[in-house]
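*Asks:* 3D model of this:
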Amino acid sequence: MLSIVSSNWGTLVSAFLVTLECSILGLIGSCVLGTAFALMEISPIKWVNAIGRIYVEVVRNIPLLVITMIFYVVIPKYVLPISGFAAGTIGLTIYTSAFIAETVRAGIEAISTGQMEGARSVGLTYFQAMTHIIFPQAIKVTIPPLGNQFINLVKNSSVLAFVSGFDLMYQGKLIAAATLDTFQTYFIVGIFYLIITMPLSYLMRYLEKRWQTA
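*Replies:* Numbers count the residues shown, from 1 in each chain. So this is what the prediction gives:
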């Protein structure tokens with residue numbers, strides 16, 4: 001195992017950084033996009049609400065690989081060229097955003113409707129009430145399921161292996177083919193994934209405990 005690590009250290013570190021970059025970009029993008037569509041889902045404006053619900057239902061019922069392949073194969077052919085890394089990251093962002101939207105929506109709807117009514121009664125607009133009253137409370141409720149989505153996002157970043165994204169799984173496949181030692185190679189790849197997911201898991205648990213006692 002040590003020989004595989006030492007002889008492929010530069011490749012593994014480079015692949016780890018690619019996976020980390022994809023995960024960070026996907027996390028930020030899916031949070032922004034997911035929150036936006038969650039707010040659309042609960043919007044009192046019917047057509048906005050419809051767009052939000054259609055987006056979530058369609059995206060979360062299509063496999064991640066299919067979404068990624070649309071950006072890797074279809075978009076470059078008919079619109080503009082996109083790298084494998086970009087295609088994988090965009091696909092991962094769109095796919096995860098649908099699940100985050102549902103998580104955030106459920107968190108917002110878990111807050112008593114009296115909170116919104118009280119905020120509006122003292123003169124706050126819908127946007128102000130949502131921003132200052134409802135959303136901060138909803139975040140506390142959604143921390144555990146959001147943590148699960150974030151960890152799933154990191155693991156799902158392995159989709160880059162199918163689109164030449166040069167991530168951990170992609171490089172792991174090449175190393176396994178070269179060394180003919182699949183068990184040790186993928187064991188090492190799994191450890192690199194744990195380096196990302198374990199701190200993230202502990203961070204979400206810490207935030208959950210801290211915000212519950214706040």
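
*Asks:* Check the contact between residue 26 and residue 93; I expect there is one.
*Replies:* Yes - here residue 26 reaches residue 93: they are 4.8 Å apart, a contact under CB atoms under 8 Å. Just so you know, the C-beta spots here come from the backbone N, C-alpha and C atoms, and that holds for glycine as well.

*Asks:* How far does stretch 119-128 sit from its chain's centre?
*Replies:* 32 Å (CA atoms, centre = their mean, to the nearest Å).

*Asks:* try stretch 152-163
*Replies:* 10 Å.

*Asks:* now do the same end-to-end measure for that stretch.
*Replies:* Its start and end residues considered, stretch 152-163 measures 19 Å (CA to CA, to the nearest Å).

*Asks:* which residues touch residue 158?
*Replies:* With contact set as CB atoms under 8 Å, 6 or more residues apart in numbering, residue 158 has these partners: 19, 167, 168, 169.

*Asks:* I'd like the average pLDDT over the top helix by length along the chain.
*Replies:* When every helix of the chain is counted residue by residue (DSSP state H), the longest turns out to be helix 9-41. Helix 9-41 shows an average pLDDT of 93 in the prediction.

*Asks:* all helices for the chain, in order.
*Replies:* Along the chain, the stretches classed as helices by DSSP H are 2-7, 9-41, 46-60, 64-69, 75-78, 84-109, 113-121, 126-129, 135-156, 168-179, 182-212.
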